[in-house]
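Enquirer: When you get a sec, could you give me coordinates for this:
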Amino acid sequence: MTVTQISAQELFQAAYENRYTWDSNFPGYTADITYKYDDQVVTGKIQIDANLKAEVLDVEDETAKKAIHGQAWEIAVHRVRRAFSDTHGANIFNYGHTDPTGAVEILVGGKAEGDKYKVRNNEVCHVHRLIHGTFVTIDTFSSHDTGAGYLSHTYDSVYHDPKTGEQKGGRSEFTDEYEKVGEYFILNRREIRTETQGNVSTQEFIFSNIELL
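Expert: Below you'll find the predicted structure:
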């Protein structure tokens, strides 16, 4: 495929619409959570309702509760199905470079000026976005094909100051695993390894006994 055959927006939109999302009939679910970090193990429950609102139950430790809620919120927000025009309607897309892996760079103008993406095999494999005043860069290394869209399997994230370009915090590596519950693919394990100045910390979130509401 040459860039003259398809516009940058069409290429990016196809990959955007190829992401796995939950449909409007998604009923929500409950799960047991085991959170492991720094030799600590915390257990409890989570609930994500049909409106994708996340709640953590039976966890006393506030730090652990906040960490678990953050992950439950992340799970939900990435499965929301939003029309491309609603998310990117105010943006303009142009082609950048194609790297040796075949990933095609998409440069964003308009409302999200300065954001960048890469698309490979109809999947968004690189994201560079300004979120809450910080550039977030995510590279995806492997993915799950659900048959109804893709889910990232292994990826990393790094934050940079938009003015100085300086890295903020450490680089985090993620491994996500999923299981099919009813008609829906739901995260059952996420491991996050964060390297900060040579020190590596590991967090593991294990979701079990997943039941649809």
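Enquirer: From now on I want contacts and neighbour counts done on CA atoms only, so please keep to that.
Expert: Will do.
Enquirer: I'd like the distance from the residue nearest the centre of the chain to residue 103, if you could.
Expert: With distances taken as C-alpha atoms, centre = their mean, residue 78 lies nearest the centre of the chain, 5.8 Å away. From residue 78 across to residue 103, the span is 22 Å (C-alpha to C-alpha, to the nearest Å).
Enquirer: same thing with residue 40?
Expert: Taking C-alpha to C-alpha, one finds residue 40 at 40 Å from residue 103.
Enquirer: Between these two, tell me which one has more neighbours.
Expert: Set side by side, residue 40 and residue 103 show more neighbours around residue 103, with 19 against 9, by other C-alpha atoms under 10 Å.
Enquirer: Is that one in contact with residue 123, as I believe?
Expert: No. Residue 103 is beyond contact range of residue 123, at 9.4 Å (criterion: C-alpha atoms under 8 Å).
Enquirer: now the strands: where do they sit in this structure?
Expert: Along the chain, counting by DSSP state E, strands occupy 28-37, 40-49, 54-57, 91-98, 104-110, 116-120, 123-131, 134-145, 150-160, 167-181, 184-196, 199-212.
Enquirer: who's in contact with residue 206?
Expert: 33-35, 188-190 (C-alpha atoms under 8 Å, 6 or more residues apart in numbering).
Enquirer: Please apply the same query to residue 128.
Expert: 115-117, 135-138.
Enquirer: can you list those in a markdown table and add distance to residue 157 and pLDDT?
Expert: Below are those laid out as a markdown table (distance: C-alpha to C-alpha, whole Å; pLDDT from 0 to 100):
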| residue | distance to residue 157 | pLDDT |
| --- | --- | --- |
| 115 | 15 | 94 |
| 116 | 14 | 96 |
| 117 | 14 | 97 |
| 135 | 10 | 94 |
| 136 | 7 | 96 |
| 137 | 6 | 97 |
| 138 | 4 | 97 |
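Enquirer: Neighbours of residue 132, how many?
Expert: As a measure of burial, residue 132 has 7 neighbours, counting by other C-alpha under 10 Å.
Enquirer: separation between it and residue 159?
Expert: 11 Å.
Enquirer: Contact partners for residue 137?
Expert: By C-alpha under 8 Å, 6+ apart, the contact set of residue 137 is 126-129, 157-159.
Enquirer: how close does the residue nearest to it when sequence neighbours are not counted get to residue 208?
Expert: Excluding the flanking residues, the one nearest residue 137 by C-alpha to C-alpha, 6 or more residues apart in numbering is residue 128, at 4.4 Å. Applying C-alpha to C-alpha, the value for residue 128 to residue 208 is 32 Å.
Enquirer: Likewise for residue 93?
Expert: For residue 93, the distance to residue 208 - C-alpha to C-alpha - is 41 Å.
Enquirer: which of the two has more neighbours?
Expert: The residue with more neighbours, out of residue 93 and residue 208, is residue 93; 22 against 16, by other C-alpha under 10 Å.
Enquirer: quick one on the thing from earlier: what sits against the residue nearest to the centre of the chain?
Expert: Applying C-alpha under 8 Å, 6+ apart, we find residue 78 in contact with residue 21.
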